[in-house]
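# Need the 3D shape of this:
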Amino acid sequence: MHSTVVSRGGEDSTDGDLSTRWAGIVGADSLSFDFDSTNPVPFDLAPNWRWLASPRVRRGAVAILLLEVALIIGFVAAYKPFDLNIYLWGGRAVTHGLRLYLVQADANWFTYPPFAATLFAPVAGVPAAVAKLAWELGSVVALAWACLLTVRLAGYRPTRTAIVTMTAAAVVLEPVYHTLFLGQVNLFLMALVLADLWRVSRGRPAGIGIGVAAAVKLVPGIFIVLLLLTRRFRDAAIAAGTFVCCGLIGYVVDPSASKLYWTRLFFDTKRVSAGYISNQSLYAAVVRVLGGPSHAGTWFLLVALAIGTAGLAVAAILARRGDWLAAAAVTGITGLVVCPISWTHHWVWVVPTLVVLLRGGAGARIAAAAAYVLFALAPMWWTPHPVRPGTAQTGFHGLTTLTANCFLIAGLAFLGYMTVVAWRTRESARPMRPEWLAEAIDAADDRLLEPELV
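Residues are numbered from 1 along each chain as shown. Below you'll find the model as predicted:
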């Protein structure tokens, strides 16, 4: 995010003029633009988003979100979220030595680091109904917080209607509602990472959120690499130090389980069914198409390393341009693609990714709409697959195989698109500075229909 102050000169402009200028500056191949970070434009004022200021939209968004929350509460009352139950079991087992990793809960292994189980130890002592309700509602709050941070990183001033609308729309996406269905931790981790990147974009000390997220679920550690590539060495050191401290806490609580995990289990994918249809990683696609893990040899590691390197390089370029939202989305999607296990509910990073696309021109917005439909319908579940994790259909079967790996393909397409964007803007010394933006900022005080979120 940039702090260049835009000149406040210029003539008054009509809504049509503003829309025309916006379209001319933020074209199909451009996703970044400059603004006055001390007074960013509210969502309700920017072209293409003014419909959010409508009282009818506000009331509709609130009604939909309240309905979704009511359904979540009803679900919690009638059903025990599967993964949350394993988390709570881990909280009770973490102080019992090797029990954490050598005994199954509900026919499944606890696969997170001991620190994650340590965090659940206090929660495990709370009545189950209270713990379930608090966890699910807390996940919705974390989603709303992530949406607020996404809007800020996009360069807008968040408003209540914008956040409510985004949250309600995000719940419809399969990675989000699947996370809520299972009682997963993904929304909390995404919010922690985005909070840190917001602080980085403002030049403030950061890293604790990323370190904690990586200590709970290793994949967010990729954001430490992003900090290093963007020369945020202090923040990277804070994140790495936090990760180590969390690991030491897990060791103090359960030394034997910690030793087993960090010496044998953290890289072991055999404790889960990597070929199951829910796994939308590059590794899973190779396993499904070629017929088993044994076919993913050294060549696959080189391919994954190349994609990971390219993705992080693109993210670093975008971050150096001041576009930390695009950098966050590219890094998050890169981690999902190259990580051996990326269940569909891990793909909550589609939320900031959609906003990155929506900032673009007409082509990018069409792609965002198509991606929203794809991630809401999740057509991989419509293809032949085992009801429970186990052996998957192997071989290439044309459209069926492409559909079965649709999240992965969408992720690769996004990385390819952002690579083109980064390449085309590589010679730019600074992001574009739309002159009309000063007029929009001046008009904000008179035209904002509701208080902004600060």
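
# Skipping its backbone neighbours, what lies nearest Ala284 in space?
Ala274 (5.7 Å; C-beta to C-beta, 6 or more residues apart in numbering). Quick note: C-beta positions are derived from backbone N, CA and C, even for glycine.

# from what I can see the one you found touches Val286, true?
No - counting by C-beta atoms under 8 Å, Ala274 does not reach Val286; the two are 9.6 Å apart.

# Run through the residues that contact the most centrally placed residue in the chain.
Geometric centre of the chain, nearest residue: Trp349, 2.3 Å, by C-alpha atoms, centre = their mean. By C-beta atoms under 8 Å, 6 or more residues apart in numbering, the residues touching Trp349 are 190, 329, 332-333, 336.

# Make sure it is indeed in a helix.
Yes - looking at Trp349 with DSSP: H, G, I helix; E, B strand; the rest coil, it is inside a helix.

# now stretch 239-251, how far from the chain's geometric center?
Distance of stretch 239-251 from the chain centroid (C-alpha atoms, centre = their mean, to the nearest Å) equals 23 Å.

# Stretch 79-90 now?
The answer for stretch 79-90 is 22 Å, by C-alpha atoms, centre = their mean.

# and if you look at stretch 263-273?
Per C-alpha atoms, centre = their mean, the centroid offset for stretch 263-273 relative to its chain is 24 Å.

# what do you get for stretch 355-371?
17 Å.

# before we move on, what about stretch 141-157?
Worked out by C-alpha atoms, centre = their mean, stretch 141-157 lies 12 Å from the chain centre.

# what's the answer for stretch 137-145, then?
13 Å.

# And it, what's buried?
139-140, 142-145 (16 or more other C-beta atoms under 10 Å).

# and if you look at stretch 293-305?
Neighbour-count burial for stretch 293-305 [16+ other C-beta under 10 Å]: 293, 296, 300, 304.

# Let me know whether Ala327 touches Ala319 as I believe.
Yes - contact criterion C-beta under 8 Å: Ala327 and Ala319 qualify, at 3.8 Å.

# In terms of secondary structure, what does the host helix or strand of Leu148 contact?
Taking DSSP states H and E as the criterion, Leu148 maps to helix 128-153. Here helix 128-153 touches helix 55-78, helix 82-93, helix 114-124, helix 160-171, helix 174-182, helix 186-201, helix 324-338, helix 350-358, going by 3 or more C-beta pairs under 8 Å, 6 or more residues apart in numbering; DSSP states H and E.

# I'd like the mean pLDDT over it, please.
Averaging pLDDT along helix 128-153 yields 95.

# got the angle between that helix and helix 174-182?
Counting by axes from the mean of the first three to the mean of the last three C-alpha atoms, to 10 degrees, helix 128-153 points 160 degrees away from the direction of helix 174-182.

# which element follows helix 128-153 toward the C-terminus?
strand 156-157.

# neighbouring strands for that following strand, and are they parallel or not?
Note on strand 156-157: by DSSP bridges, its sheet partners are strand 41-42 (parallel).

# Let me know the average pLDDT across the strand it pairs with.
69.

# Same question for stretch 251-261.
93.

# burial measure for Leu226, as a count.
Using other C-beta atoms under 10 Å, Leu226 has 30 neighbouring residues.

# What of Ala134?
13.

# Run through the residues that contact it.
Ala134 touches Val126, counting by C-beta under 8 Å, 6+ apart.

# just use 223 as the starting number from now, easier for me
Done: numbering now begins at 223, and the last item shifts to Ala356.

# That one and Leu310, how far apart?
Distance, Ala356 to Leu310, by C-beta to C-beta, to the nearest Å: 12 Å.

# ditto for Leu450
35 Å.

# which one of these two has more residues nearby?
Neighbour tally, Leu450 and Leu310, criterion other C-beta under 10 Å: the higher count belongs to Leu310, 25 against 17.

# residues touching the residue lying closest to the more buried one once chain neighbours are set aside, list them.
Once flanking residues are discounted, Leu310 sits nearest to Ala346: 4.8 Å by C-beta to C-beta, 6+ apart. Going by C-beta under 8 Å, 6+ apart, Ala346 touches 310-311, 313-314, 353.

# do Ala413 as well
364-365, 367-368, 371.

# In the stretch 423-572 of the chain, mark out all the helices, start to finish.
Secondary structure of the stretch 423-572 of the chain by DSSP state H, counting those that start in this stretch: the helices cover 430-438, 444-451, 455-475, 477-482, 504-512, 520-542, 546-560, 572-580.

# hang on, the earlier thing: hey, what's in contact with both of Ala549 and Ala541?
Common neighbours of Ala549 and Ala541 (C-beta under 8 Å, 6+ apart) are 448, 452.

# The two - which one has more neighbours?
Ala549 (30 against 26).

# Roughly how far does that one sit from Leu395?
21 Å.

# Got phi/psi on Phe488?
Main-chain dihedrals, Phe488, degrees, to the nearest 10: phi -70, psi -20.

# no, scratch that, I was asking about Phe489
Taking degrees, to the nearest 10 as the convention, Phe489 sits at phi -110, psi 10.

# Low-confidence ranges, the stretch 573-676 of the chain, go.
608-617, 648-676 (pLDDT under 70).

# Helices of that one, start to end?
584-599, 621-626, 628-646, 658-669.

# Highest mean neighbour count out of these?
helix 628-646 (a mean of 19; mean count of other C-beta atoms under 10 Å).

# Which other helices and strands does that helix contact?
Short answer (3+ C-beta pairs under 8 Å, 6+ apart): helix 628-646 packs on helix 504-512, helix 520-542, helix 546-560, helix 572-580, helix 584-599.

# mind redoing it with 7 Å?
Helices and strands touching helix 628-646, by 3 or more C-beta pairs under 7 Å, 6 or more residues apart in numbering; DSSP states H and E, are helix 520-542, helix 546-560, helix 584-599.

# closest to Leu440 out of those?
helix 546-560 (9.7 Å; C-beta to C-beta).

# List the contacts of that closest one.
With contact meaning C-beta atoms under 7 Å, 6 or more residues apart in numbering, helix 546-560 is reached by 223, 253-254, 372, 375-376, 416, 419, 422-423, 441, 444-445, 448, 503-504, 526, 529-530, 533-534, 536-537, 540-541, 564, 568-569, 571, 574-575, 577-578, 630, 633-634, 636-637, 640.

# related to what we said a few turns ago, separation between the residue nearest to the centre of the chain and Ala459?
Counting by C-beta to C-beta, the gap from Trp571 to Ala459 is 25 Å.

# ditto for Leu450
On the measure of C-beta to C-beta, Leu450 and Ala459 end up 9 Å apart.
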